[in-house]
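Asks: Provide a 3D model corresponding to the input given below.
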Amino acid sequence: MEIKTNRIVYELDAVQMASIYDVYSLKTTDDRFPSGAKMIDELSANKCIISTVYVSIKEYLLMLKKGMESKHDLLENIHKLKDGDKITLTDYLSGKTNDYYLLQLLLNAIGTRQTKFESYNNVTGHLYCFHPNWIKRIKSEIISIPTMDIRLTSGILTWNICTFNTLKYKNAMDFGKRKISEFPRYTISANYSLRRKLKDDEKQDEFIQRKIFDKKTSKTFLDISNENAFDESKMGIIAKVISQFNEKYNGLAKLDFEPQEIESSIEYSSNREKNLLSKRLTDLLSKQKVVLVDLVENEKSAIQCEQITSVFKSNFGISVRKTKRLSKGAYNLRLIHNDEYYGKNIADPHDEDLSKYTVQHITTDNFNDKGSDTYLRAVAFNVAEELIIKDDLRNKTISIVNWSEFQFDNNLIFGIEHDIQTENGGKNRQFYFMTIKPNGQFEIRQQENDLFSSDEYHKYLKIFTSCEKETIKGIVKYGADINVIHETGLHTVPDILGLKEELAKGNNKLKNKEARNNYLSALLDVKTFKKDNQLHYFVGEMGVGINSTLSGVPIRRIESYEGSSLFFDKLLPLMGVTFVRNGQLTVVPFPFKYLREYIKYY
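Replies: Numbering: from 1, shown residues only. Sure, this is the predicted structure:
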């Protein structure tokens, strides 16, 4: 089985490119260009410039139509600029070149296309793409334009969401320490062309890259319901960008995603895992009483208490008893307000010492008492899972799964870094470790930096600071061997061109096993592959019983620290649990959840 990542493999004929286009490096001898990026957009208004790419605050690359006339027009415009005598223009293709910059120039050059299906815009050295249906309107007025900023950086294709919002909502925006006048302004034309607002656009509506009411924009990663839904998803847009790039530059350049051969795979069924978890929770909850304490005591909370009692009975067969106070030796549910409610004159139950009790808080303000049965069932499962984990932490034994079934013949140690901000703005680096015995009993400790354990502390400090470009998610020690989990910045990519072809033919039945293996395996289950002799893994959605909408999947890398043996493949089943991420598989071994909960509550 083969999957693809968002690392690019490419073909590029630089000689042929030089015969079709001129590419110039535009630099300034100052610290930055006189009017910043705005100057680039003003120059780009000249039709001789096909595309631009940002290199640094002192350099841009410009791709022009081939010929001295284009260069002459560009030089004329540069000389008209303020401090134009400090700007130099040199032939980029005549020296040492960066293929990724050249590919980005070609990629940005497709940003002259606007149709009812997509809009590509090369603005200030970026390629912003969006589907017109993404535009948010109030009546006929455009309020928000979510886009994908498509970049090729060090061989990795990224597609971060970047939203342009109307300045009519400037009072709902946070500008930080900057003045509103310091932000570049953009406008959109009737044919959905997005560009920098220039002097001649006085009557045009203005948009800037700031959030409204601090709300983050999200878009569906992949939707295989039908062809239109696919086209509106992120992967639908990427499929069109890649297709049009390869069609436009046929014989000159080609882009594809890097393939990787899957080494191991564990397949999961959503129904099976839900049933197993339901049975386990029912068994555990039945072993001691479950009580509910209502600290809100109003009409709404009374309804919520009835719903909680009912949903526990229907899902777990458990009778929840309502009481006035917490009970030792019981699972305690407590209905409270959220943090904002409690002020100086109102005692905050969050601050109570609950070390002698197993307590899970439910906030009345966030509880939707008009929610569907599916919503209430999800609440019940989430609350039950958190109760069991908190009880495990108190009893120092894993019970939410049968740990001995994993058949580890030695202790496993899981470690994470947790930093605390100091008063002077620095950070105090703290390390926590969970040692699990083969029978499931465990101990959690903080590694102190003192006279007796300084060497051990600095050993772990060295591990957690050993990689500059990747974030270390945690370490695992098995016997004398240490494996380190790294973020890579890479994501898996489904067979988007194959999906587009099938959906275009009217084939909407793409959730069966054959279709999953052919087109969607990069987004499903737990899989590993080897690259550069190192183990990589990713955790997607459970393959059997998938929905039509799917999320992106990050790739993580395992480092065998200082010659250690690689044992992480034995830990893959520890991610085949659904109690960490609300019914989804967890992306790192689940004991890290226990560590995070310990740090949070102890």
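Asks: show me where the stretch 201-350 of the chain has its strands.
Replies: In the stretch 201-350 of the chain, the strands defined using DSSP state E, counting those that start in this stretch lie at 207-208, 222-223, 253-266, 290-294, 320-323, 331-336.
Asks: comparing these by mean pLDDT, which bottoms out?
Replies: Across those, strand 207-208 has the smallest mean pLDDT, namely a mean of 92.
Asks: chain center to it, what's the gap?
Replies: Computed by Cα atoms, centre = their mean, to the nearest Å, the chain-centroid distance of strand 207-208 equals 24 Å.
Asks: what helices or strands is it leaning on?
Replies: strand 156-166, strand 186-188 (3 or more Cβ pairs under 8 Å, 6 or more residues apart in numbering; DSSP states H and E). Heads up, the C-betas are built off the backbone N, CA and C, glycines and all.
Asks: quick one: closest of those strands to Phe257.
Replies: Closest approach to Phe257 among the helices and strands packed on strand 207-208 is made by strand 156-166 (7.6 Å; Cβ to Cβ).
Asks: dump the closest one to PDB, restricted to CA.
Replies: C-alpha atoms of strand 156-166 as PDB (Å, rounded to 0.1, in the frame of the first residue of the first chain):
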ATOM      1  CA  ILE A 156       6.700  21.100   1.400                       C
ATOM      2  CA  LEU A 157       3.400  22.400   0.000                       C
ATOM      3  CA  THR A 158       1.200  24.100   2.700                       C
ATOM      4  CA  TRP A 159      -2.300  25.600   2.500                       C
ATOM      5  CA  ASN A 160      -3.000  27.600   5.600                       C
ATOM      6  CA  ILE A 161      -6.300  29.500   5.800                       C
ATOM      7  CA  CYS A 162      -5.900  33.200   5.600                       C
ATOM      8  CA  THR A 163      -9.100  35.400   6.000                       C
ATOM      9  CA  PHE A 164      -9.700  38.900   4.600                       C
ATOM     10  CA  ASN A 165     -12.400  40.700   6.600                       C
ATOM     11  CA  THR A 166     -14.200  43.900   5.800                       C
END
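Asks: circling back: most neighbours per residue, which of the helices and strands packed on strand 207-208?
Replies: Of all the helices and strands packed on strand 207-208, strand 186-188 has the most neighbours on average by mean count of other Cβ atoms under 10 Å, namely a mean of 21.
Asks: contact partners of it?
Replies: Strand 186-188 is contacted from outside by 123, 142, 145, 164, 194-197, 201, 204-208, using Cβ atoms under 8 Å, 6 or more residues apart in numbering.
Asks: what's the answer for stretch 80-88, then?
Replies: When contacts are defined by Cβ under 8 Å, 6+ apart, stretch 80-88 is touched by residues Ser25, Leu26, Lys27, Thr28, Thr29, Asp30, Phe33, Pro34, Ser35, Met39, Ile78, His79.
Asks: point out where this structure drops to low pLDDT.
Replies: 34-37, 44-47, 111-120, 190-191, 199-202, 449-453, 467-470 (pLDDT under 70).
Asks: would you mind finding the longest helix in it?
Replies: Ordering each helix of the chain by length in residues (DSSP state H) puts helix 373-395 first.
Asks: and the next element down the chain from it?
Replies: Per DSSP states H and E, the first helix or strand lying C-terminal to helix 373-395 is strand 412-421.
Asks: could I get the full set of strands for the stretch 401-550 of the chain?
Replies: Ranges of strands in the stretch 401-550 of the chain, per DSSP E, counting those that start in this stretch, are 412-421, 427-436, 442-447, 472-478, 481-493, 526-531, 534-539, 549-550.
Asks: what helices and strands are in contact with the fourth one?
Replies: Going back to what we said before, that points to strand 472-478. Packed against strand 472-478, as judged by 3+ Cβ pairs under 8 Å, 6+ apart, are the following elements: strand 412-421, helix 454-464, strand 481-493.
Asks: hmm, back to that, farthest-separated two in the contacts of stretch 80-88?
Replies: Across these, no pair lies farther apart than Ser25 and Ser35, at 18.8 Å, counting by Cβ to Cβ.
Asks: how many neighbours does the nearest residue to Leu520 once chain neighbours are set aside have?
Replies: Among residues not flanking Leu520 along the chain, Pro494 sits closest, at 5.3 Å (Cβ to Cβ, 6 or more residues apart in numbering). By other Cβ atoms under 10 Å, the residues close to Pro494 number 27.
Asks: quick one: contacts for Pro494?
Replies: Shown in contact with Pro494 (Cβ under 8 Å, 6+ apart): Lys4, Leu222, Met235, Tyr519, Leu520, Ser521, Ala522, Leu523, Leu550.
Asks: rerun at 6 Å
Replies: Taking Cβ atoms under 6 Å, 6 or more residues apart in numbering, we find Pro494 in contact with Tyr519, Leu520, Ala522, Leu523.
Asks: which among those gets closest to Leu102?
Replies: Nearest to Leu102 among these, counting by Cβ to Cβ, is Ala522 at 27.7 Å.
Asks: and the gap between that closest one and Gln260?
Replies: From Ala522 across to Gln260, the span is 9 Å (Cβ to Cβ, to the nearest Å).
Asks: any common contacting residues for these two?
Replies: Residues touching both Ala522 and Gln260 (Cβ under 6 Å, 6+ apart): Ile3.
Asks: who has more neighbours, the two?
Replies: Neighbours per residue, other Cβ under 10 Å: of Ala522 and Gln260, the larger number sits with Ala522, 26 against 23.
Asks: any idea what sits nearest Asp223, other than its immediate chain neighbours?
Replies: Ala229 (4.0 Å).
Asks: strands paired with the strand or helix carrying Tyr54, and their directions?
Replies: Using DSSP H and E, the element containing Tyr54 is strand 49-56. Sheet pairing of strand 49-56 (DSSP bridges) gives strand 59-65 (antiparallel).
Asks: how far does the strand it pairs with sit from its chain's centre?
Replies: Its chain's C-alpha centre and that of strand 59-65 lie 32 Å apart, by Cα atoms, centre = their mean.
Asks: send the alpha carbons of the helix or strand just after it over as CSV?
Replies: Downstream of strand 59-65, the next assigned helix or strand under DSSP H and E is helix 68-80. Output of helix 68-80 as CSV, limited to C-alpha atoms (Å, rounded to 0.1, in the frame of the first residue of the first chain):
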residue,chain,number,x,y,z
MET,A,68,13.9,43.7,-23.2
GLU,A,69,10.7,45.6,-23.5
SER,A,70,9.3,44.1,-20.3
LYS,A,71,12.6,44.8,-18.4
HIS,A,72,12.6,48.4,-19.8
ASP,A,73,9.0,49.0,-18.5
LEU,A,74,9.9,47.6,-15.1
LEU,A,75,13.0,49.7,-14.8
GLU,A,76,11.0,52.8,-15.7
ASN,A,77,8.5,52.1,-12.9
ILE,A,78,11.3,51.4,-10.4
HIS,A,79,13.0,54.7,-11.2
LYS,A,80,9.7,56.5,-10.4
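Asks: what's across from Cys162 in the sheet?
Replies: Beta-bridge partners recorded for Cys162 (DSSP bridges): Thr147.
Asks: hmm, it is touching Met148, no?
Replies: No. Counting by Cβ atoms under 6 Å, Cys162 sits too far from Met148 to count as a contact (7.3 Å).
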